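Visitor: structural data only, the sequence is not supplied:
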């Protein structure tokens, strides 16, 4: 019995059955999945994603109804009827209900009593539109467009000409060399979503790698682990475990979001394009996260205390903020250049794919550059981690860490 027990606990025997990096990877995953704060934050984020999509869909389907008080001078009544007709022609979900009053004073009192939402009165120069403390912009624009159309018809009749002749030469056709107004709006929204997801995931799963490494170094736990597990496999397990968690959570967020979008009653334009681009985003995210994970591991091994990370991780935070701002604000040539810069390309290239028709070779080349950068950074991070993890003096710089010997 004692012999079999010794064999089952012998590290060398265990390594022949299960690779050491796999044990570390599973441990990283199971520890995180048992963390109540991680579970709660994931569920809250999922609820927020679903709620935002549902609320947006409901708002898009909602019809705006407003009661408009008009004084019996005829013009205001006609304008409201024209506005309702214009709303139908333009497929705007606005319905205006007329409430006639004998005088402006009585209409104003009804407005103060909140019996009506707006008061519309004809004047010598046009119309007065009065609200209690504000006037909805969409209703103001609708009435303004209707008033312009009415005035144009009336003036054309006075001049004895047609409305078409008065409008001749005034038409402006908006042309997009790339994409369309709807597509650009969709790319703007999804760019913000992709940027925030990348930023949050990189912080949530990247920074714990550095904290874990420096804590094991500070408590000398790594010296015990090194006797049973090769340093290289210890690092590999940490990176792979956190990457698996980050990818799993990201796939969950993206998948639930896309499912909610597809189930909303409102037709979502370019939904198939969003599905396809989400796959590219996950691929770019994996390479970007590998780069950041290797950097975080190296920074953790060079630090002597957890407090040292506040300064050393500053450039990484700046890089993440740059990726976030690129995804939100970058356009034109800046966005094109950013789509080939590793880490930043994790959000820049998917946004380009959403906004315009990009040749297939561009995302492939960008992804290959990111993969090459990730491979190089992992090798560099592993080299620094292996050499600096046992140094217990003080915090090390990149130059000093590279000069250390195995």
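Guide: That came through fine. Quick caveat, the model's predicted, so the values are computed rather than measured. Numbers count the residues shown, from 1 in each chain.
Visitor: C-alpha only now, for contacts and for neighbours.
Guide: OK.
Visitor: over to residue 128: give its phi and psi.
Guide: Phi and psi for residue 128, reported as degrees, to the nearest 10, are phi -110, psi 120.
Visitor: how close does it sit to residue 71?
Guide: 11 Å (Cα to Cα, to the nearest Å).
Visitor: shared neighbours, these two?
Guide: Taking Cα atoms under 8 Å, 6 or more residues apart in numbering as the criterion, residue 128 and residue 71 both touch 120, 121.
Visitor: between those two, which one's more packed in?
Guide: Between residue 128 and residue 71, residue 71 has the larger neighbour count (other Cα atoms under 10 Å), namely 22 against 12.
Visitor: mind listing what that one touches?
Guide: Residue 71 makes contact with 100, 101, 102, 103, 104, 107, 120, 121 under the criterion Cα under 8 Å, 6+ apart.
Visitor: just the ones of the residues you listed in helices?
Guide: Residues of the contacts of residue 71 located in helices (DSSP state H): 104, 107.
Visitor: please list the outside residues in contact with stretch 195-207.
Guide: Counting by Cα under 8 Å, 6+ apart, 242-243, 245-246, 250, 285, 289, 292-293, 296, 320-321, 323-325, 327-328, 346-347 sit against stretch 195-207.
Visitor: do the same with stretch 22-37
Guide: Residues from elsewhere that reach stretch 22-37, judged by Cα under 8 Å, 6+ apart: 38, 39, 234, 236, 237, 238, 239, 240, 241, 242, 244, 245.
Visitor: what helix or strand does the last one sit in?
Guide: This means residue 245. helix 231-263 (DSSP states H and E).
Visitor: list phi and psi for residue 160.
Guide: Dihedral angles (degrees, to the nearest 10) for residue 160: phi 70, psi 30.
Visitor: can you count the residues close to it?
Guide: Neighbour number of residue 160 under other Cα under 10 Å is 9.
Visitor: do the same with residue 119
Guide: Neighbour tally, residue 119, other Cα under 10 Å: 25.
Visitor: partner residues bridging it?
Guide: Beta-bridge partners for residue 119, by DSSP bridges, are residue 69, residue 130.
Visitor: need the three-state assignment for the closest residue to residue 393 other than its chain neighbours.
Guide: Excluding its sequence neighbours, the residue lying closest to residue 393 (Cα to Cα, 6 or more residues apart in numbering) is residue 304, at 7.2 Å. Following DSSP: H, G, I helix; E, B strand; the rest coil, residue 304 is assigned to coil.
Visitor: thought residue 304 was touching residue 214?
Guide: Yes. Shown here, residue 304 and residue 214 form a contact pair, counting by Cα atoms under 8 Å, at 6.7 Å.
Visitor: so which of the two has more stuff around it?
Guide: Shown here are residue 304 and residue 214; by other Cα under 10 Å, residue 214 has more neighbours (27 against 22).
Visitor: which strand or helix spans that one?
Guide: Applying DSSP H and E as the criterion places residue 214 in helix 181-218.
Visitor: what mean pLDDT does that helix get?
Guide: Regarding helix 181-218, the rounded mean pLDDT is 84.
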